[in-house]
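Visitor: Generate coordinates for the sequence data below:
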Amino acid sequence: MKTLLVPIDHTAAAEHTLAYANKLAVRWPAEVVLLYCHASSAPAPAAAAELAEQEQRLRSLVERLRYQQLARQDGRRIQYRYRLLPGCLHDQVQAEAQRCAADLVVMGLEHIDCGRQAPPGNHAAAIAGLVSCPVLVVPPGRRSLPSRLVFSADFSTLPPSLLPRLSALEGAFPGPLDLVQFYSPTERDRRRPLKQALSQAAAQLTWPAPTTHLLEDDAPLEGISEYCARTQAQLLIIAPADQAQLLRYFDSCYTTTRAYHTQIPVLVLRAVERQPAVACCERCAERLEQAKPAAVLPNYHAIRWA
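Guide: Numbers count the residues shown, from 1 in each chain. So this is what the prediction gives:
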């Protein structure tokens, strides 16, 4: 059973996030797990009463949106689960994603956590760094499911584990897929290996005949936003190398000026960290110890001291 984990608050933008998740749940199909975290300093009995009240509000919202933008038959097919927890979302989301075996986290570009409003995108970027499954960041506004997708990454350094995980989402996001790789003018001598990496990535994806584009641009973030605007893409897929690169996608200069890539859903793929090797016996432990690179120490005897 495919599972969508949807962190939600009670803002107006949350309705758009849930409406988008509903459409995904019908298309895939998938179960929807609604996660609401309520930070409160009230005593335990009062906090429990607050959570019960919030759950009733969530159920009313679900029943209203279930039939508002979907056919009645589709709305009835969606299965919901409710998880209301005390505390902050960033403290709970990792355990909840593991508990429900989430295939995808769907959350808004703007979200209130611990009673505070973070800059647009920053909170979603923090959540993407906590969970291992892909995170779909949905900006405010009504929108249909994407029919044209763009995947932008450095395919020459892309971890092999990401492509199968992206292929698992092909049923949720069918449509033409463009693979886009940018390189700077100083990297023109790398065009051949970059093009080979693009072709190898396209061959491993389950989308029918994805197209590849190797483009020169010294500002890849502005370049991908312009490319998405030019092709009228409805979904941008990214695989940032680190958290700092992910935060740059949602920088205030882009959200304030309403850059194109902040006006469409962004699917964030996170590389799975490589776990350290564990020895099963003493012989294996010796072999792993020998395989470690030797520390290079300075040769003070070779230095000519003044």
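Visitor: and the helix or strand residue 22 falls within, which residues are buried?
Guide: Element membership for residue 22, per DSSP states H and E: helix 12-27. Within helix 12-27, the residues that count as buried by 16 or more other Cβ atoms under 10 Å are 13-26. For glycine as for every other residue, the C-beta is placed from the backbone atoms N, C-alpha and C.
Visitor: So, low pLDDT: which residues of the stretch 101-250 of the chain?
Guide: Along the stretch 101-250 of the chain, no part satisfies pLDDT under 70.
Visitor: now the helix holding residue 22: mean pLDDT?
Guide: In this model, helix 12-27 has a mean pLDDT of 93.
Visitor: tell me which strands and helices that helix is in contact with?
Guide: strand 3-7, strand 31-38, helix 44-68, helix 72-77, strand 104-108, strand 135-138 (3 or more Cβ pairs under 8 Å, 6 or more residues apart in numbering; DSSP states H and E).
Visitor: now these in TSV, with distance to residue 202?
Guide: Below are the helices and strands packed on helix 12-27 laid out as TSV (distance: least, Cβ to Cβ, whole Å):
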stretch	distance to residue 202
strand 3-7	27
strand 31-38	31
helix 44-68	37
helix 72-77	33
strand 104-108	22
strand 135-138	22
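Visitor: How much space separates residue 29 from residue 262?
Guide: Per Cβ to Cβ, to the nearest Å, residue 29 is found 29 Å from residue 262.
Visitor: Comparing these two, which shows the higher neighbour count?
Guide: residue 262 (21 against 15; other Cβ atoms under 10 Å).
Visitor: gap between the more buried one and residue 62?
Guide: 27 Å.
Visitor: repeat for residue 46
Guide: According to Cβ to Cβ, residue 46 stands 25 Å off from residue 62.
Visitor: okay, these two: which has more neighbours?
Guide: Taking neighbours as other Cβ under 10 Å, residue 46 and residue 62 compare with residue 62 leading, 18 against 11.
Visitor: Give the bridge partners for the residue nearest to the more buried one when sequence neighbours are not counted, please.
Guide: Nearest residue to residue 62 in three dimensions, chain neighbours excluded: residue 80, at 5.8 Å (Cβ to Cβ, 6 or more residues apart in numbering). For residue 80, the beta-bridge partners under DSSP bridges are residue 32.
Visitor: And the helices in the protein, which stretches?
Guide: 12-27, 44-68, 72-77, 89-99, 122-128, 162-167, 191-204, 220-231, 243-249, 252-256, 282-291 (DSSP state H).
Visitor: out of those helices, deepest packed?
Guide: Comparing the helices of the chain by mean neighbour count (mean count of other Cβ atoms under 10 Å), helix 122-128 comes out on top with a mean of 22.
Visitor: what packs against that helix?
Guide: Packing partners of helix 122-128 (3+ Cβ pairs under 8 Å, 6+ apart): helix 89-99, strand 104-108, strand 135-138, helix 243-249, strand 266-268.
Visitor: what does it contact?
Guide: With contacts defined as Cβ atoms under 8 Å, 6 or more residues apart in numbering, helix 122-128 is touched by 7, 89-90, 93, 105, 107-111, 113, 118, 135, 137, 243, 246-247, 249-250, 268, 270.
Visitor: coming back round to it: ok, and what's touching the helix holding residue 22?
Guide: Residues contacting helix 12-27 (Cβ under 8 Å, 6+ apart): 4, 6, 8, 30-32, 34, 61-62, 65-66, 68-70, 74-75, 77-78, 104, 106-110, 138, 140-145, 171-172, 265.
Visitor: chain center to it, what's the gap?
Guide: 16 Å (Cα atoms, centre = their mean, to the nearest Å).
Visitor: Give me the angle between that helix and strand 3-7.
Guide: 180 degrees (axes from the mean of the first three to the mean of the last three Cα atoms, to 10 degrees).
Visitor: and the angle from helix 12-27 to helix 44-68?
Guide: Using the same axes, to 10 degrees: helix 12-27 against helix 44-68 is 60 degrees.
Visitor: All further residue positions should be reported with the first residue as 15.
Guide: New numbering, starting at 15: the last item is helix 26-41.
Visitor: now helix 26-41 against strand 118-122, angle please.
Guide: Using the same axes, to 10 degrees: helix 26-41 against strand 118-122 is 150 degrees.
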